[in-house]
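Undergrad: Quick one, what's the 3D model for this:
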Amino acid sequence: MVKVITYGTYDLLHYGHIRLLERAKALGDYLIVGITSDDYDKSRGKINNQQSLIERIAAVKATGLADEIIVEEYEGQKIDDIRRYNVDIFTVGSDWVGKFDYLNEYCKVIYLPRTEGVSSSMLRAEKRKLRIGTLGEGNLCRKFVREMQFVNGVEYRECKETLDEVDAVYVATHPKQHYEDVRRSLEAGKHVICESPIALSSEQYQELINLAHSKNLVLVDAIKTAYSTAYSRLLVVAKSGRIGDIISVDTVCTSLEDGAWEAGADLSSKQNSICAWGPTAMLPIFQLLGPAYKSSSIVARILDKDLNYDGYTKVDFVFDKAVASAKIGKAAKAEGEMIITGTKGYIFVPAPWWKTDYFEVRFENAADNKRHFYQLDGEGIRYEIVAFAKEIESGKRNFYISEETTRAIINVIEDFEKGNYVEI
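TA: Residues are numbered from 1 along each chain as shown. Predicted coordinates for the structure are as follows:
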């Protein structure tokens, strides 16, 4: 029996894919098709796939051409697969000529001609692009616009007063202005992705959610950490029971970049610490322990009472069977790490944990420790844009940040804004 193996993403399966599979099938008696995983595609810079891994597998299976389907998950897997399955022929499209010659050491390599005039990239490009505008000024908007160029199917358009030129809006104004900007955008029929917090009170947030639902529009938080591969995997590992029951989550998010710590600094146009860092610091707490905490307490160092501007704040939570703490500050500096404590071990995420590509699961016996590495591009912003665009296209709520998590974050910020804290 002659075994043949080929690999691909197979996004938006088309005639060119099928012709390539037919030619591969004709080379032998048994065809193995490797389909790249979502995470592996991300590591190779392919973050704009329109279909999930499950959908792509189903599409290839439906052709009836593959005798076996496997998932490609890491660099170098091709050699492992060729050895494991006793493959005789490796084949791939002619646009990769020379790229896989190194596999000749393990099996025969054949480059097949591609079908001219059709590709997944062309099919994605033929669709009308999602036009996204920005409300706000400064570094956040510049980063968002810059990262849009790495995502197929979206394009930047300047936001006019009427918002007529855009389909969706990224809101990165001052938090006190978020509610009005989000409401105006939703009323204009535009999808919205807003820097957290979306609003400063739960009542305002509920009003915005109701408005979005009534108009069948997407309204989501722009907390880029939630969309990074390492963070997503961390949640899975922590919830899997690998470190036992989670009994504590401790996060630290601090920075000194905008001069809030300087004596006499003008704080009138700056975000306070609870708004700038609170959502990020509280995100893993609520995603790991749930949004229903039993009690919370806030201690803050206030730099400007009139502006309710905190230079440093610590929020402590008590849950049914766990505790948590979030330390945040724009006029204080600490090691920005996260530690998730369990009954069997713990997870350590080094600074800056909110844009990490690495975390380590640690145990009493250090020999059992395991390190996890995942590529992170664009601080997670481009992944955030991809998820936003996909949610708009599919009409299905994404799983990255739930409305319950958003509401829990806003509840804490609302407590702070009402002065429910101990001042130090």
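
Undergrad: how near is residue 195 to residue 414?
TA: 17 Å (CB to CB, to the nearest Å). Every residue, glycine included, has its C-beta placed from N, CA and C.

Undergrad: show me where pLDDT drops low in the stretch 1-150 of the chain?
TA: Screening the stretch 1-150 of the chain residue by residue with the criterion pLDDT under 70, one finds the ranges 40-49, 115-127.

Undergrad: can you give me the helices for it?
TA: Residue ranges of the helices in the stretch 1-150 of the chain, as given by DSSP state H, counting those that start in this stretch, are 15-26, 38-43, 53-63, 77-84, 120-126, 139-148.

Undergrad: how about JSON lines for these, with distance to residue 172 and mean neighbour count added?
TA: Putting those into JSON lines (distance: least, CB to CB, whole Å; neighbours: other CB atoms under 10 Å) gives the following:
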{"stretch": "helix 15-26", "distance to residue 172": "39", "mean neighbour count": "18"}
{"stretch": "helix 38-43", "distance to residue 172": "24", "mean neighbour count": "19"}
{"stretch": "helix 53-63", "distance to residue 172": "32", "mean neighbour count": "16"}
{"stretch": "helix 77-84", "distance to residue 172": "39", "mean neighbour count": "15"}
{"stretch": "helix 120-126", "distance to residue 172": "27", "mean neighbour count": "14"}
{"stretch": "helix 139-148", "distance to residue 172": "4", "mean neighbour count": "17"}
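
Undergrad: Export the ones you listed as CSV, with columns for distance to residue 322.
TA: Below are those laid out as CSV (distance: least, CB to CB, whole Å):
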stretch, distance to residue 322
helix 15-26, 48
helix 38-43, 28
helix 53-63, 32
helix 77-84, 38
helix 120-126, 43
helix 139-148, 32
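
Undergrad: who touches the residue most central in space within the chain in this structure?
TA: With distances taken as CA atoms, centre = their mean, residue 227 lies nearest the centre of the chain, 0.8 Å away. Residue 227 makes contacts with 380, 383-384, 386-387, 400, as judged by CB atoms under 8 Å, 6 or more residues apart in numbering.

Undergrad: Just to be sure, which of the residues you listed are found in helices?
TA: 383-384, 386-387 (DSSP state H).

Undergrad: thinking again about what came up before, of the contacts of residue 227, which is the most crowded?
TA: Comparing the contacts of residue 227 on neighbour count, residue 384 comes out first with 27 neighbours (neighbours: other CB atoms under 10 Å).

Undergrad: Not counting sequence-adjacent ones, nearest residue to that one?
TA: Take residue 384 and drop its neighbours on the chain: the residue closest to it by CB to CB, 6 or more residues apart in numbering is residue 227, 4.3 Å away.

Undergrad: Surely residue 169 is in contact with residue 135?
TA: Yes. The pair formed by residue 169 and residue 135 meets the contact definition of CB atoms under 8 Å, at 5.9 Å.

Undergrad: The two: who's more crowded?
TA: A count of neighbours by other CB under 10 Å puts residue 169 above the other of residue 169 and residue 135, at 24 against 21.

Undergrad: Do you know the pLDDT at that one?
TA: In this prediction, residue 169 carries a pLDDT score of 97.

Undergrad: same thing with the one 5 residues further on?
TA: What the model reports as pLDDT for residue 174 is 95.

Undergrad: Just give me the neighbour total for it.
TA: Residue 174 is surrounded by 15 other residues when neighbours are defined as other CB under 10 Å.

Undergrad: what sits against it?
TA: Neighbours of residue 174 in contact, by CB under 8 Å, 6+ apart: 269, 271.

Undergrad: Could you pull out the residues contacting both of residue 169 and residue 135?
TA: Between them, residue 169 and residue 135 share the contacting residues 159, 181, 185, judged by CB under 8 Å, 6+ apart.

Undergrad: My guess is residue 345 contacts residue 362. True?
TA: Yes. Judged on CB under 8 Å, residue 345 makes contact with residue 362 at a distance of 5.7 Å.

Undergrad: Would you mind listing which of the shared contacts of residue 169 and residue 135 are buried?
TA: Among those, those scoring as buried are 159, 181, 185 (criterion: 16 or more other CB atoms under 10 Å).
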